[in-house]
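Visitor: coords below, sequence missing:
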């Protein structure tokens, strides 16, 4: 059985179409980003200064899935709402890309429509929706809570098949087999920030992973079983895979719309 995708949904690649990033709202919920205790009757707070980009961009976003490789938006685009995602960016070596090519090439013998990822990360949150004027306090709270964390290693060497919440996309990923405890500690702090803003927290039993490839539709039945075993054999037999898939995390990143915020680990 394929695992439910951690931190991804059909809106991920829509973020990528607006800026080329892959995140989504989990369980189909649309969080409006109103902090706990805020009242609808209160006047709107002034827009803070010092954030990159326009406070309310005028871009026209296409809802035609044919223009997005068949991907379907998980929540409607609404002006002033900013899809926000917290994650660990992964820098990869040339050897990792060689392994990726082997895996995707082999998996395409089962599902020809698979597309290789061009950026790699590990999610620490679902994708949530913030109003523009809450981005600055949200990022400030994240920075305070994450300031004490040190760099650490993870091993991501277990091939796994994932689907998004509504089964419109399937992913092949490398699941973390070592470093789970440190990741849970990070998620705990990120969750506290999300709770401050009444936003959905992360999954209770997350499968931390790095996505390698994706395709439209639920193709888990074709990719699991024999294909999955063969992909794992490729990983296990790849030269220096134990060292290659031992990843040091050096920073945490938050993406909100077209804005990026970095939080270096000590």
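Guide: Sure thing, it's come through. Not measured: the values here are computed from a predicted model.

Visitor: Select the longest helix from this protein.
Guide: Counting residues, the longest helix in the chain under DSSP state H turns out to be helix 180-196.

Visitor: who does that one touch, helix- and strand-wise?
Guide: Counting by 3 or more C-beta pairs under 8 Å, 6 or more residues apart in numbering; DSSP states H and E, the packing neighbours recorded for helix 180-196 are helix 135-146, strand 152-163. The way it works is simple: take the backbone N, C-alpha and C, and place the C-beta from them, glycine included.

Visitor: Mind listing the strands the helix or strand just after that helix pairs with, and their directions?
Guide: Sequence-wise, the next helix or strand downstream of helix 180-196 (DSSP states H and E) is strand 209-216. Strand 209-216 has these partner strands in its sheet, going by DSSP bridges: strand 115-116 (antiparallel), strand 169-178 (antiparallel).

Visitor: Output those strands as a markdown table; include the columns mean pLDDT, mean neighbour count and distance to residue 250.
Guide: Output for those, formatted as a markdown table (pLDDT from 0 to 100; neighbours: other C-beta atoms under 10 Å; distance: least, C-beta to C-beta, whole Å):
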| stretch | mean pLDDT | mean neighbour count | distance to residue 250 |
| --- | --- | --- | --- |
| strand 115-116 | 98 | 14 | 24 |
| strand 169-178 | 98 | 23 | 16 |
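
Visitor: Would you format those as a markdown table with distance to residue 219 included?
Guide: Shown next, in a markdown table, are the strands paired with strand 209-216 (distance: least, C-beta to C-beta, whole Å):
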| stretch | distance to residue 219 |
| --- | --- |
| strand 115-116 | 12 |
| strand 169-178 | 4 |
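
Visitor: Kindly state the pLDDT recorded for residue 35?
Guide: At residue 35 the predicted local confidence, pLDDT, stands at 36.

Visitor: got it, and residue 73?
Guide: Listed pLDDT for residue 73 reads 51.

Visitor: again with the one 3 residues further on
Guide: Residue-level confidence at residue 76 comes out at 59, pLDDT.

Visitor: got it, and the one 4 residues further on?
Guide: According to the prediction, residue 80 has pLDDT 85.

Visitor: do you know which of the helices and strands packed on helix 180-196 lies nearest residue 107?
Guide: Proximity to residue 107, assessed across those by C-beta to C-beta, is greatest for strand 152-163 (9.4 Å).

Visitor: Nearest to residue 258, out of the helices and strands packed on helix 180-196?
Guide: The closest of the helices and strands packed on helix 180-196 to residue 258 is helix 135-146. By C-beta to C-beta, the value is 11.3 Å.

Visitor: So for that closest one, mean pLDDT?
Guide: Helix 135-146 comes out at a mean pLDDT of 98.

Visitor: Cross-check the contact I'm expecting between residue 115 and residue 214.
Guide: Yes: look at residue 115 against residue 214 with C-beta atoms under 8 Å: they come within range, at 6.0 Å.

Visitor: Counting neighbours, what do you get for residue 264?
Guide: Around residue 264 there are 11 other residues, counting by other C-beta atoms under 10 Å.

Visitor: Compute the distance between it and residue 250, please.
Guide: Look at residue 264 and residue 250: by C-beta to C-beta, to the nearest Å, they are 7 Å apart.

Visitor: Check residue 132 too.
Guide: The value you get for residue 132 to residue 250, if C-beta to C-beta is used, is 29 Å.

Visitor: Next, the residues that contact stretch 238-248 from outside, please.
Guide: Under the criterion C-beta atoms under 8 Å, 6 or more residues apart in numbering, residues 90, 93, 95-96, 99, 102, 151-157, 174, 210, 235 lie in contact with stretch 238-248.

Visitor: neighbour-wise, which of those leads?
Guide: Counting neighbours by other C-beta under 10 Å, the top entry in the contacts of stretch 238-248 is residue 174, with 27 neighbours.

Visitor: ok now do the closest residue to that one other than its chain neighbours, which residues does it touch?
Guide: Closest residue to residue 174 apart from its sequence neighbours, by C-beta to C-beta, 6 or more residues apart in numbering: residue 156 at 4.2 Å. If a contact means C-beta under 8 Å, 6+ apart, then residue 156 has 122, 174-177, 208-210, 245, 247 as its contacts.
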